[in-house]
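K.L.:
sequence first, then the predicted structure, then my questions.
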Amino acid sequence: MANTTARKLNEIPRSAVGRDGVLDVAARLFREQGYGSVSLRKIAEAAGIKAGSIYYHFGSKDEIIAAVLDTGIRAVHEGMSQAVSALPEGTGAEAILRAAIGAHLRALLDVSDYSSANVRIFGQVPQSVRDANLHARRAYEAEWDNLLSRLQADGALKRDVDIRRLRLMLIGALNATLEWFDPHRGSAEALSRTYADVFLNGILERQET
């Protein structure tokens, strides 16, 4: 049986789209339509290939989803890490946090279908797929925790701030922009400045005492 299956897979012609092309199409569809509405057949049609050709690159829909989720997290992680690392020595805490917030939002809203798809379908996919993505997800969370902890140790963040809760609130708020952000009514950069202003400076006017 295994030999028969292998022979059938070998008979499937290589697609000109290729593995990365299939993933690009799948990421866009998952971002736009969610997990349940996207089938292998729909991915194949959008990629302009036969449904069977997908099996040359992937064994199942869940295998495609796992690759999309991992790529999405890595895109955000790398963008945030590079933005912070590129800052000059001695950059202040506010500029560091503004760079990190801006990089996260750009990855979601301007750069990658993968990162947007990750946020939108993570809660919809089977538990086994979520579990497989946890390593990459935890690595990005650790990047934020390390950054915030370092700023707290340097005295830039209040000592009583709970780093984990702050990270959850911050990333949760940034990810939620996918549900309402309209690029025709503003840029990701402008939105990034607004978020940074609120998180770093608050919303209430200081009252004279």
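P.N.:
Sure, I can see it.
K.L.:
the closest residue to Arg164 other than its chain neighbours: neighbour count?
P.N.:
Here the nearest residue to Arg164 in space, its sequence neighbours aside, is Asp145; by C-beta to C-beta, 6 or more residues apart in numbering that works out to 6.8 Å. Any C-beta I mention is one placed from the backbone N, CA and C, and that applies to glycine too. The tally of other residues near Asp145 (other C-beta atoms under 10 Å) stands at 15.
K.L.:
likewise for Gly34?
P.N.:
Neighbours of Gly34 using other C-beta under 10 Å come to 14.
K.L.:
go on, Leu40?
P.N.:
Neighbours of Leu40 (other C-beta under 10 Å): 17.
K.L.:
make 48 the first number, not 1, from now on.
P.N.:
Let's use 48 as the start, then, which means that last one is Leu87.
K.L.:
against Ser100, how distant is it?
P.N.:
Applying C-beta to C-beta, to the nearest Å, the value for Leu87 to Ser100 is 10 Å.
K.L.:
one step back: which residues does the residue nearest to Arg211 contact?
P.N.:
For Asp192, the contact set (C-beta atoms under 8 Å, 6 or more residues apart in numbering) comprises Ile210, Arg211, Arg214.
K.L.:
what helix or strand does Gly202 sit in?
P.N.:
Following DSSP states H and E, there is no helix or strand that holds Gly202.
K.L.:
how about Leu181?
P.N.:
helix 174-200.
K.L.:
now that helix: mean pLDDT?
P.N.:
Averaging pLDDT along helix 174-200 yields 95.
K.L.:
tell me which residues of stretch 149-160 come out buried.
P.N.:
Residues of stretch 149-160 classed as buried by neighbour count (16 or more other C-beta atoms under 10 Å): Gly149, Ala150, His151, Leu152, Arg153, Ala154, Leu155, Leu156, Val158, Ser159, Asp160.
K.L.:
mind checking the end-to-end distance for that stretch?
P.N.:
17 Å (C-alpha to C-alpha, to the nearest Å).
K.L.:
kindly report the same for stretch 155-162.
P.N.:
End to end - C-alpha to C-alpha - stretch 155-162 spans 6 Å.
K.L.:
what does stretch 159-173 give?
P.N.:
23 Å.
K.L.:
show residues contacting it.
P.N.:
Contacts for stretch 159-173 (C-beta under 8 Å, 6+ apart): 70-71, 74-75, 77-78, 81-83, 109, 112, 115-116, 118-120, 122-123, 154-156, 177, 180, 222, 225.
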